[in-house]
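**Student:** below is the sequence, then the predicted model.
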Amino acid sequence: MNPNDSYLAFFSKLFELDPFALLSLFFLGLMRFAPIVSLAPFLGNKAPSTVKMGLLICLTLVFLPQMIMTSQTMVGFNFQYIVLCFKELFLGFVLAFFITIPFYIAETAGVNIDFLRGSSALQVTDPFMQTPSSSIGILYNYVMIVIFYQINGIFYFFNALFDFYTIIPIDKMLPSYFFTFQAAFWQSVWGLVGKIVSVGIQLSAPSIIAILMTEMFLGIANRLAPQVQIAFLGMSLKSLLGLAVLCAAWFFILQQMGIQSLGYLKDLEAVLKSFQ
């Protein structure tokens, strides 16, 4: 059976296989996709439970041919199956964690801008991430989701998931060296840490530079004219300049979001390949 020829022909031949074995593979597929559907912002992680369950089942059915082609044995409902369920849940949480990082970076960049311009107290709950965030942080997160779909990031991600089944099949356990810090996976993770911090600063750099320069000039003005209440003037001035520079550099920020998102998806693909 070849899943690349015809899904209809492929699924019609599934009736020749053991139904309990197919059911076990289906539930294992649910285990890997459940954390992704629950946590990924671009899949509506706070959608109603019935919607998420329907999406989860559809994604599992789409990837079911790849699961069958990459698995070497048909796993039955036994103790090994329970261990494989925990393994699939772990891999699902790892994938969900990595794919949500760009959205947390974008939200953090917006929160940094609001913090420096003195409006950090105006925090509301982000409906996508369900975390306290500022107004610009939520705006950055929404824009990041739109850009993610615009650059076809969801297809890049699904393609990486498709290839990941050839690296870690559904019936294969994680290699023992994965749990050592010398593993290629952990080396790739440490390499992403510095990049995450730099990208977060880069997305908020225009407003941060303008606000810090305003602070410096206000400090000089306070030394020259100490009788003037610079603190009250600075609160509104920093907020105004921060928003003005943000609007002026908006095209640059959108461009960087797209470039960094594509680069991060390539890094994610390299991280998944490091499981080998």
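**Tutor:** Now that the structure is in, tell me what you want to look at.
**Student:** the helix or strand bottoming out on mean pLDDT in the chain: what's the following helix or strand?
**Tutor:** Every helix and strand of the chain was ranked by mean pLDDT, DSSP states H and E. The lowest is helix 7-12, at a mean of 63. Next along the chain after helix 7-12, taking DSSP states H and E as the criterion, comes helix 19-39.
**Student:** helix, strand or coil for Phe275?
**Tutor:** With DSSP: H, G, I helix; E, B strand; the rest coil as the basis, Phe275 sits in coil.
**Student:** what's the longest helix along the chain packed up against?
**Tutor:** If each helix of the chain is counted by residues according to DSSP state H, the longest one is helix 184-224. Helices and strands touching helix 184-224, by 3 or more CB pairs under 8 Å, 6 or more residues apart in numbering; DSSP states H and E, are helix 79-116, helix 230-248, helix 250-273. The C-beta positions use only the backbone N, C-alpha and C, and glycine is treated the same way.
**Student:** okay, those, which one's buried deepest?
**Tutor:** Greatest average neighbour count among the helices and strands packed on helix 184-224 goes to helix 79-116 (a mean of 19), per mean count of other CB atoms under 10 Å.
**Student:** and Ile220, how many neighbours does it have?
**Tutor:** When neighbours are counted by other CB atoms under 10 Å, Ile220 registers 11.
**Student:** typo on my end, it should be Ile168
**Tutor:** Neighbour count of Ile168, defined by other CB under 10 Å: 20.
**Student:** contacts only, for it.
**Tutor:** Contact partners of Ile168, counting by CB atoms under 8 Å, 6 or more residues apart in numbering, are Leu91, Leu174, Phe275.
**Student:** by pLDDT, give me the weakest of these.
**Tutor:** Across these, the smallest pLDDT goes to Phe275, namely 74.
**Student:** so it touches Tyr165, yeah?
**Tutor:** No - under the criterion of CB atoms under 8 Å, Phe275 makes no contact with Tyr165, lying 11.3 Å away.
**Student:** grab the nearest non-local neighbour of the residue nearest the centre of the chain.
**Tutor:** Nearest residue to the geometric centre of the chain (CA atoms, centre = their mean): Thr100, 1.9 Å. Residue nearest to Thr100 in three dimensions, not counting chain neighbours: Leu39, with 5.7 Å by CB to CB, 6 or more residues apart in numbering.
**Student:** wait, that neighbour sits on Phe103?
**Tutor:** No - using CB under 8 Å, Leu39 makes no contact with Phe103, being 10.2 Å away.
**Student:** how about the contacts of Ile168 in JSON lines, adding distance to Gly263?
**Tutor:** Below are the contacts of Ile168 laid out as JSON lines (distance: CB to CB, whole Å):
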{"residue": "Leu91", "distance to Gly263": "23"}
{"residue": "Leu174", "distance to Gly263": "27"}
{"residue": "Phe275", "distance to Gly263": "20"}
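**Student:** quick one: which of the residues you listed is nearest Leu240?
**Tutor:** Nearest to Leu240 among the contacts of Ile168: Leu91, at 47.7 Å, using CB to CB.
**Student:** contact partners for the closest one?
**Tutor:** Residues near Leu91 by CB under 8 Å, 6+ apart: Arg32, Phe164, Ile168.
**Student:** now do 10 Å
**Tutor:** Listed by CB atoms under 10 Å, 6 or more residues apart in numbering, the contact set of Leu91 reads Met31, Arg32, Pro35, Ile36, Phe164, Ile168, Ile170, Leu174, Leu272, Phe275.
**Student:** mean confidence for the one helix or strand Phe155 maps to?
**Tutor:** Using DSSP H and E, the element containing Phe155 is helix 153-167. Taken as a whole, helix 153-167 has an average pLDDT of 89.
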